[in-house]
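Chemist: Structure here, sequence nowhere to be found:
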């Protein structure tokens, strides 16, 4: 049954495949499937379901169906050839998380993951591949490309991705209602954004990284500030700020020779790097970096109970202080 759920969720972008997968799920379980979709981002569902499907094919090919899921997964990952050690670690983590969501214990898979991490990326013959960091000048090249295509909403989305050190999937979940002070932002001199879904927050809990105060202090970017005000004011309620997918953003980057080397994740990586530089120079409290980057930070996290008591989320966002970081980007 779990496999049918994941096949259905993975196929939802393909209408025909989605109908075929959904037909295999009993009617009474389909509402649960729709609710479960919101647990992870669409891209996460797709990658994890694809990995589980490959595991299932490996299991059938080698007749390992009688073994526990964690043992099958350990065999699957350890017998992969021509892949980096870091990729094996990533597969162990993804399969372990998925298995636990499905109610399985996976001690052997956990041991394999621990062993791989102990070996480290140095066990690879090639270095870990990461997105090349974006620079502010690259961001505004992309903004100008979007404006040249008469896509103001995309231009604003790219700008906010940089200012908020956000994953692109965080940005595509923004709507008009995500800005808590649209009507007063011009007078306030900042925007307060409330994130609907992030990689580390799928339950919409009262986490401190759920709110960001965006400040722009550069006088030469007054035109960008006015553009953000215009787009947020004219955006219909319930409408996404942008419908541009990660793949479409990558194609936009490739259309410009100056940004062809970048990926969607380059924006977040570049922004975090710039904030680290600012912290080293004494311009920023380093504890604000994980808060703005929307990463789990148990050491400096605010208690959920405290955040629940604060009724005015705009004041809460200002108290948390991310404006001191966004003004530097």
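Modeler: Good, I have the coordinates. Please read these numbers as outputs of a predicted model, since none were measured by experiment. Numbers count the residues shown, from 1 in each chain.
Chemist: Pull out the buried positions in the helix or strand harbouring residue 247.
Modeler: Residue 247 is part of helix 246-254 when elements are defined by DSSP states H and E. Within helix 246-254, the residues that count as buried by 16 or more other C-beta atoms under 10 Å are 246, 249, 250, 252, 253. C-betas here are computed from N, CA, C, even on glycine.
Chemist: Any chance of these in TSV with pLDDT and distance to residue 175 as columns?
Modeler: Below are the buried residues of helix 246-254 laid out as TSV (pLDDT from 0 to 100; distance: C-beta to C-beta, whole Å):
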residue	pLDDT	distance to residue 175
246	90	18
249	94	18
250	93	23
252	92	22
253	93	24
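Chemist: since we're on residue 307, how many residues are nearby?
Modeler: Per other C-beta atoms under 10 Å, the neighbour tally for residue 307 reads 18.
Chemist: did I read that right, it in a helix?
Modeler: Yes: per DSSP: H, G, I helix; E, B strand; the rest coil, residue 307 lies within a helix segment.
Chemist: Enumerate every residue touching the closest residue to it other than its chain neighbours.
Modeler: Among residues not flanking residue 307 along the chain, residue 206 sits closest, at 3.9 Å (C-beta to C-beta, 6 or more residues apart in numbering). For residue 206, the contacting residues are 304, 307, 308, by C-beta atoms under 8 Å, 6 or more residues apart in numbering.
Chemist: so what's residue 206 scoring on pLDDT?
Modeler: pLDDT, residue 206: 77.
Chemist: got it, and residue 283?
Modeler: So, for residue 283, pLDDT stands at 94.
Chemist: before we move on, back to that, go through the contacts of residue 206 and say which is closest to residue 215.
Modeler: residue 307 (21.5 Å; C-beta to C-beta).
Chemist: Pretty sure the closest one sits against residue 208.
Modeler: Yes: counting by C-beta atoms under 8 Å, residue 307 touches residue 208, with 6.7 Å between them.
Chemist: Identify the contacts common to the two.
Modeler: With C-beta under 8 Å, 6+ apart applied, the contact sets of residue 307 and residue 208 do not overlap.
Chemist: Show me the helices in the stretch 101-250 of the chain, by range?
Modeler: Along the stretch 101-250 of the chain, counting by DSSP state H, counting those that start in this stretch, helices occupy 107-119, 136-148, 152-163, 168-172, 185-188, 222-234, 246-254.
Chemist: Just list what the fourth one packs against, helices and strands only.
Modeler: So that's helix 168-172. If you count contacts as 3 or more C-beta pairs under 8 Å, 6 or more residues apart in numbering; DSSP states H and E, helix 168-172 packs onto helix 152-163, helix 246-254, helix 264-280.
Chemist: mind putting the ones you listed in a markdown table, distance to residue 286 included?
Modeler: Output for the helices and strands packed on helix 168-172, formatted as a markdown table (distance: least, C-beta to C-beta, whole Å):
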| stretch | distance to residue 286 |
| --- | --- |
| helix 152-163 | 18 |
| helix 246-254 | 29 |
| helix 264-280 | 4 |
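Chemist: Nearest approach to residue 312 belongs to which of these?
Modeler: Ranking the helices and strands packed on helix 168-172 by proximity to residue 312 (C-beta to C-beta) places helix 152-163 first, at 22.2 Å.
Chemist: need the buried residues of helix 246-254 in a markdown table with distance to residue 140, can you?
Modeler: Output for those, formatted as a markdown table (distance: C-beta to C-beta, whole Å):
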| residue | distance to residue 140 |
| --- | --- |
| 246 | 20 |
| 249 | 15 |
| 250 | 18 |
| 252 | 14 |
| 253 | 13 |
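Chemist: how's the protein carved up into domains?
Modeler: Taking automatic domain parsing as the reference, the chain has its domains at 2-123, 136-326.
Chemist: and these, which one's lowest on average pLDDT?
Modeler: If you rank the domains of the chain by mean pLDDT, domain 2-123 sits at the bottom with a mean of 77.
Chemist: Run the chain-centre distance for it.
Modeler: 19 Å (C-alpha atoms, centre = their mean, to the nearest Å).
Chemist: Shouldn't residue 317 be within a strand?
Modeler: No: per three-state DSSP, residue 317 lies outside any strand segment and is helix.
Chemist: From residue 187, how far off is it?
Modeler: Relative to residue 187, residue 317 is positioned 16 Å away (C-beta to C-beta, to the nearest Å).
Chemist: which of those two has more neighbours?
Modeler: Ranked by neighbour count (other C-beta under 10 Å), residue 317 and residue 187 place residue 317 first, with 25 against 7.
Chemist: Can you give me the neighbour number for the closest residue to the more buried one other than its chain neighbours?
Modeler: Sequence neighbours aside, residue 211 is the residue nearest to residue 317 in space, at 3.8 Å (criterion: C-beta to C-beta, 6+ apart). Here the count is done by other C-beta under 10 Å, and residue 211 has 22 residues near it.
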